[in-house]
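Peer 1: One predicted model, sequence on top.
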Amino acid sequence: MQLIREIDALRDAVATLRQEGGGVALVPTMGALHAGHMALVAEAKRHAAHVVVSIFVNPTQFGPNEDLAAYPRREASDSRMLEEAGCELLWTPAVEVMYPEGYATTVSMAGVSEGLCGASRPGHFDGVATVVAKLFNQVRPDVALFGEKDYQQLAVIRRMTRDLDLPVEVIGVPTQRDADGLALSSRNIYLSDEERVAARALPRALGEAARAILEGVDIDEALATARGKLAAAGFDPIDYVQLCDAETLQPLSSLSRPSRLLAAARLGRTRLIDNLPVVPAHS
Ligand code: PAF
């Protein structure tokens, strides 16, 4: 596996892969890789002959009081995992390479980026859209893969890719979970042992709410019950528990089309997010 830190070297290496044929897949990450990322790499191999993974802890998507400095960085073990998984190229630029002196451009998104995490993390999705647009231009992949765990991020990237006519197919990959249901996340390492046990309440409350909604329970009532279960487990604050249109992420008060149940809440110093599909039988 080649480890590349400069844009010229990246372009040459990708051009060589492209000449070999079979297409190029990109898996953008911020490192601290876990089984969720490896599922993206495995899926990438089903879509293209060559897999490029990027690791870049993107400062522009972190708010001033968020965990940029503490975010886990584990290049050596990440590289080993990627090599074993058959990734051919690891693109891991320094901040000065991604945002050189004088850098002044932002991809600013409205609509799908505004509610949910966009409301509690102002500027976050502009940072994500900007770096992903840059990664797409740097690597020029045929396909790019993102986890459904960050469902709003996936919706933002799909919208941005369509809006900017970027010639990349965006593929969402289902969330990977621990045996007790907790969605895998690089941030789970922040949880204490006690919090890790309490965290199970998040997938459980979402699963119960999704089932209740499908059985016809009033949506506001199901969401309030889920919020109550999260509060009882120690989540505070609960940023949102919301049923939304699966594509636009507009909040829904009736289940008439494919929907997504999404939640974000803090357990101690760790902000956890999760989501589930809620698809009415007739859609
Ligand atoms: O999901 C992530 O790891 C990041 O938000 C991404 C898509 C790599 C952009 O920095």
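Peer 2: Cool, got the structure.
Peer 1: Residues of this protein that sit close to the ligand?
Peer 2: Proximity of the chain to the ligand is confined to 28-30, 58, 61, 128, 131-132, 150, 153 under the rule CB under 6 Å from any ligand atom. Where you see a C-beta, it was placed from the backbone N, CA and C, and this is true even at glycine.
Peer 1: now the helices for this protein?
Peer 2: Applying DSSP state H to the chain gives helices spanning 7-20, 35-47, 75-85, 95-98, 116-120, 124-139, 151-163, 193-198, 201-214, 219-233.
Peer 1: so the last one versus helix 201-214, what angle?
Peer 2: Helix 219-233 and helix 201-214 meet at an angle of 160 degrees, taking axes from the mean of the first three to the mean of the last three CA atoms, to 10 degrees as the criterion.
Peer 1: would you list the helices of the chain in JSON lines and tack on mean pLDDT and mean neighbour count?
Peer 2: As requested, the helices of the chain are exported to JSON lines (pLDDT from 0 to 100; neighbours: other CB atoms under 10 Å):
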{"stretch": "helix 7-20", "mean pLDDT": "98", "mean neighbour count": "14"}
{"stretch": "helix 35-47", "mean pLDDT": "98", "mean neighbour count": "19"}
{"stretch": "helix 75-85", "mean pLDDT": "98", "mean neighbour count": "15"}
{"stretch": "helix 95-98", "mean pLDDT": "98", "mean neighbour count": "14"}
{"stretch": "helix 116-120", "mean pLDDT": "96", "mean neighbour count": "19"}
{"stretch": "helix 124-139", "mean pLDDT": "98", "mean neighbour count": "21"}
{"stretch": "helix 151-163", "mean pLDDT": "98", "mean neighbour count": "21"}
{"stretch": "helix 193-198", "mean pLDDT": "98", "mean neighbour count": "14"}
{"stretch": "helix 201-214", "mean pLDDT": "98", "mean neighbour count": "20"}
{"stretch": "helix 219-233", "mean pLDDT": "98", "mean neighbour count": "17"}
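Peer 1: Export those helices to a markdown table and append columns for distance to residue 247.
Peer 2: Listed next are the helices of the chain as a markdown table, based on distance: least, CB to CB, whole Å:
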| stretch | distance to residue 247 |
| --- | --- |
| helix 7-20 | 31 |
| helix 35-47 | 21 |
| helix 75-85 | 31 |
| helix 95-98 | 30 |
| helix 116-120 | 14 |
| helix 124-139 | 16 |
| helix 151-163 | 7 |
| helix 193-198 | 32 |
| helix 201-214 | 18 |
| helix 219-233 | 18 |
